[in-house]
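Enquirer: how would this look folded up:
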Amino acid sequence: MAASSASHDRVVFETTDYDQAGEFLTGLYGIGIQLTGRKIGYFYRHTRMAADAFSVNIAAQPDKMALTVSPLTASLLVTQCRTTLDFRCEGAEHRFGPGEVFLNNRTEDGSAYWAQWCDGAVQCTILPFATLGQVAATADTRRDTPIRFTSLRPHSPAPSRHVTATLDYLTAGLRDQPETMCQPLVAGTAGRLLAASILAAFPNTALAEPTIEDRHDAHPATLRRAIAFIDDHVQHDIAAADIAAAAHTTIRAVEYAFRRHRGTTPMGYLRQVRLHHAHQELLVTDPTTGVTVTEVAARWGFFHPGRFAHYYRAAYGRPPYRTLRRH
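Expert: Predicted coordinates:
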């Protein structure tokens, strides 16, 4: 027996037949997935919540279950364990306990893997590898070299806790504010926030510090080109890679230029400009139409009302609802 339901970008699937569960997962992700487990008394529940930039998938079952997954392509999978999970990939075996987070694949061409867990849930977040390239780059600037992870485990407990907090934060957003998370600027911002936290947590080939060439290119002309691009495209979903391309330099160079000459980052400046536009919209919006601060904030890429209110108060000296209500 199988049942499924969907609302917004949320899908819930339940079955008592692991063959049906395997077929569902294969159809959902477009790769071969085979499940094995106890047929009598079997129960499987899969919840999928998706934004444009990433998706969160929660698999839960009350008994021992194993799955074999075909090689993954184009997307990075990050798993959070809520139970003990055995994992086998690239000829190596791993065991992850409750609360641990790890990568299912290290490169965009991926590898097949096998996983098994008992009585509990695992949460897997899927992010396109291309999103990683929007926020960071490798040292090779002559060609588009994909970022590769050198370990399935985080550097240490501190970055592990940070990436887990980011995953939980975005998952709560998908669960509690699906309409907001589907806003174009919000979806893009959330995906790149996730990408940045993953790159900070797991060892990889992205180069964080500027090279000598990057420092040489971080001159005022680079900054002017970057600022002009941001000002002209503030209403579009733009990333650090887009800003760097418009400035004719690398992501690292444009980031160094902003730090050196403006004391901020390209995305920090973008946030300031969007905050200004949100402020202008609040000033001209008729409060009797029912428009809320949360709706205005989401249109300009702010998906956390509390953080938007914090940025707004710091910039304008009052909470945004007072501007909307003309107090």
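
Enquirer: show me the contacts for I243.
Expert: A226, F229, I230, V254, P266, L270 (Cβ atoms under 8 Å, 6 or more residues apart in numbering). Every C-beta, even on glycine, is put in place using the N, C-alpha and C of the backbone.

Enquirer: just the closest of those residues to G188, please.
Expert: Minimum distance to G188 across the contacts of I243 is 11.0 Å, recorded for L270 (Cβ to Cβ).

Enquirer: pretty sure P98 contacts L85?
Expert: No - look at P98 against L85 with Cβ atoms under 8 Å: they stay out of range, at 9.1 Å.

Enquirer: okay, the two: which has more neighbours?
Expert: L85 (21 against 11; other Cβ atoms under 10 Å).

Enquirer: contact partners for that one?
Expert: L85 neighbours (Cβ under 8 Å, 6+ apart): T79, R95, F96, A115, Q116, W117, V122.

Enquirer: any idea how far the third one lies from R88?
Expert: As defined by Cβ to Cβ, to the nearest Å, F96 lies at a distance of 12 Å from R88.

Enquirer: which one's more surrounded, the two?
Expert: F96 (21 against 15).

Enquirer: quick one: the more buried one from T79, how far?
Expert: F96 is 8 Å from T79, by Cβ to Cβ.

Enquirer: ok, F43 next?
Expert: 21 Å.

Enquirer: and for S197?
Expert: From S197 to T79 the distance is 15 Å (Cβ to Cβ).

Enquirer: same question, G91
Expert: G91 sits at a distance of 19 Å from T79 (criterion: Cβ to Cβ).

Enquirer: wait, A115 touches R88, no?
Expert: Yes - contact between A115 and R88 holds when scored by Cβ under 8 Å: they sit 7.5 Å apart.

Enquirer: all strands of this structure, in order?
Expert: 2-7, 10-15, 33-37, 44-50, 55-69, 75-81, 85-89, 92-96, 101-103, 113-128 (DSSP state E).

Enquirer: of all the ones you listed, which one is nearest T171?
Expert: Per Cβ to Cβ, nearest to T171 of the strands of the chain: strand 55-69, 5.0 Å.

Enquirer: strands paired with the closest one, and their directions?
Expert: Take DSSP bridges as the rule and strand 55-69 pairs in its sheet with strand 33-37 (antiparallel), strand 44-50 (antiparallel), strand 113-128 (antiparallel).

Enquirer: switch the ones you listed over to CSV; also include mean pLDDT, distance to P159 and mean neighbour count.
Expert: Below are these laid out as CSV (pLDDT from 0 to 100; distance: least, Cβ to Cβ, whole Å; neighbours: other Cβ atoms under 10 Å):
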stretch, mean pLDDT, distance to P159, mean neighbour count
strand 33-37, 83, 29, 18
strand 44-50, 94, 24, 20
strand 113-128, 94, 16, 18
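
Enquirer: can you redo those as a markdown table with distance to R307?
Expert: Below are the strands paired with strand 55-69 laid out as a markdown table (distance: least, Cβ to Cβ, whole Å):
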| stretch | distance to R307 |
| --- | --- |
| strand 33-37 | 37 |
| strand 44-50 | 21 |
| strand 113-128 | 21 |
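
Enquirer: do you know which of those strands lies nearest A309?
Expert: A309 lies closest to strand 44-50 among the strands paired with strand 55-69, at 25.1 Å (Cβ to Cβ).

Enquirer: the closest one: how far from the chain's middle?
Expert: Relative to its parent chain, strand 44-50 has a centroid offset of 17 Å by Cα atoms, centre = their mean, to the nearest Å.

Enquirer: pull the CA atoms of that strand into PDB?
Expert: Extracted C-alpha coordinates of strand 44-50, given in PDB (Å, rounded to 0.1, in the frame of the first residue of the first chain):
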ATOM      1  CA  TYR A  44       8.600   3.900   4.900                       C
ATOM      2  CA  ARG A  45       7.800   7.600   4.900                       C
ATOM      3  CA  HIS A  46       9.500  10.100   2.700                       C
ATOM      4  CA  THR A  47       9.000  13.900   3.000                       C
ATOM      5  CA  ARG A  48      10.500  16.200   0.300                       C
ATOM      6  CA  MET A  49      10.400  20.000   0.600                       C
ATOM      7  CA  ALA A  50      11.900  22.000  -2.300                       C
END
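
Enquirer: which residues touch that strand?
Expert: Here strand 44-50 makes contact (Cβ under 8 Å, 6+ apart) with 9-16, 18, 21, 24-25, 28, 35, 55-61, 65, 171, 174-175, 178.

Enquirer: likewise stretch 312-327?
Expert: 272, 275-276, 278-279, 282-283, 285, 287, 291-293, 296-297, 308-309.

Enquirer: top of the residues you listed by neighbour count?
Expert: Most surrounded of these: other Cβ under 10 Å gives A297, at 27 neighbours.

Enquirer: what sits closest to that one if chain neighbours are left out?
Expert: Closest residue to A297 apart from its sequence neighbours, by Cβ to Cβ, 6 or more residues apart in numbering: F308 at 4.2 Å.

Enquirer: ok, the one you found to T180 distance?
Expert: Applying Cβ to Cβ, the value for F308 to T180 is 11 Å.
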